[in-house]
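**Q** Provided below for reference: sequence and predicted model.
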Amino acid sequence: MQKTTLIVLILALTACKQNKASHESELRESKAVVQVVKNETIMQKQSIHQFTVKDLSGNDFDLSTLKGKKVMVVNTASECGLTPQYKDLQALYETYKNDNFTIIGFPANNFGAQEPGTNAEIATFCQQNYGVSFPMMGKISVKGDDMHEVYQFLTQKDKNGVEDSEVTWNFQKYLIDENGYVVRSLTPKTLPTDTSIITWIKG
């Protein structure tokens, strides 16, 4: 009788251990699944189309109106050694504006205080010197504590789901696809007419 009781007790303990091990394994798997879901949620691509910004005239510019277009976003300045890129930007825009492509300029005074003017002064400068007709937004900050939310999106992987980057100078370029997703960033000295850009627009 004692042997039978002992056997039953051993079997019960063994079953408990197995159930505990099985429960712990299921718990680990459950936590792993939850973490994967969290990671996917954090890294999920977001679209630039979620933003509405102000243009140089102070009017709302809803970026969702750009759905279906490839977009180049560029931070500009009026007193920079790279300012002549406005000419190439305008030429690029005129060439491909009817091919579901556009350029959005964001004047910024973050580098060398090279964009000191008001929005009205910037508009006059762009028109008189380069005949700029692509959309130009109001002056913002593209880095630092007061970085505009659009540039937080462009530069932070946890917001754009693609890459971390840093705006290093005036005329840095971001390529955005038809769905509003970041494709890649290009250095300030990369000309708007660079072959890789043209290939991307045509692709």
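**A** Cool, the structure landed.
**Q** ok, now which ones touch the nearest residue to residue 157 once chain neighbours are set aside?
**A** Spatial nearest neighbour of residue 157, chain neighbours left out: residue 164 (4.5 Å); criterion: C-beta to C-beta, 6 or more residues apart in numbering. To be clear about C-beta, it is placed using only N, CA and C from the backbone, and glycine gets the same treatment. With contacts defined as C-beta atoms under 8 Å, 6 or more residues apart in numbering, the neighbours of residue 164 are 155, 156, 157.
**Q** so for residue 164, what's the pLDDT?
**A** The predicted local distance difference test score for residue 164 is 97.
**Q** any idea how far residue 88 is from it?
**A** Distance of residue 164 to residue 88, computed by C-beta to C-beta, to the nearest Å: 27 Å.
**Q** so which helix or strand takes in the residue nearest to residue 157?
**A** Of the helices and strands defined by DSSP states H and E, none includes residue 164.
**Q** list buried residues within the contacts of residue 164.
**A** The neighbour count (16 or more other C-beta atoms under 10 Å) marks residue 155 as buried among those.
**Q** on the three-state scheme, residue 75 is what?
**A** Secondary structure state of residue 75, per DSSP: H, G, I helix; E, B strand; the rest coil, is strand.
**Q** quickly list what it is bridged to.
**A** Per DSSP bridges, the residues bridged to residue 75 are residue 106.
**Q** tell me how far it lies from residue 114.
**A** Taking C-beta to C-beta as the measure, residue 75 falls 11 Å from residue 114.
**Q** so for those two, which sits in the more crowded spot?
**A** residue 75 (29 against 19; other C-beta atoms under 10 Å).
**Q** can you pull the contacts of the more buried one?
**A** Residue 75 sits next to 105, 106, 107, 108, 110, 142, 151, 167, 170, 171, 172 when contact means C-beta under 8 Å, 6+ apart.
**Q** mind listing which of those are in helices?
**A** residue 151 (DSSP state H).
**Q** how is the protein divided into domains?
**A** 1-44, 48-202 (automatic domain parsing).
**Q** burial-wise, tell me which of these comes out on top.
**A** For the domains of the chain, the largest average neighbour count (mean count of other C-beta atoms under 10 Å) is found in domain 48-202, namely a mean of 17.
**Q** how long is that domain end to end?
**A** 21 Å (C-alpha to C-alpha, to the nearest Å).
**Q** check stretch 144-157 too.
**A** Across stretch 144-157, first to last residue, C-alpha to C-alpha, it's 16 Å.
**Q** go on, stretch 135-152?
**A** According to C-alpha to C-alpha, stretch 135-152 extends 20 Å from its N-terminal end residue to its C-terminal end residue.
**Q** and it, how far out from the chain's middle?
**A** 12 Å (C-alpha atoms, centre = their mean, to the nearest Å).
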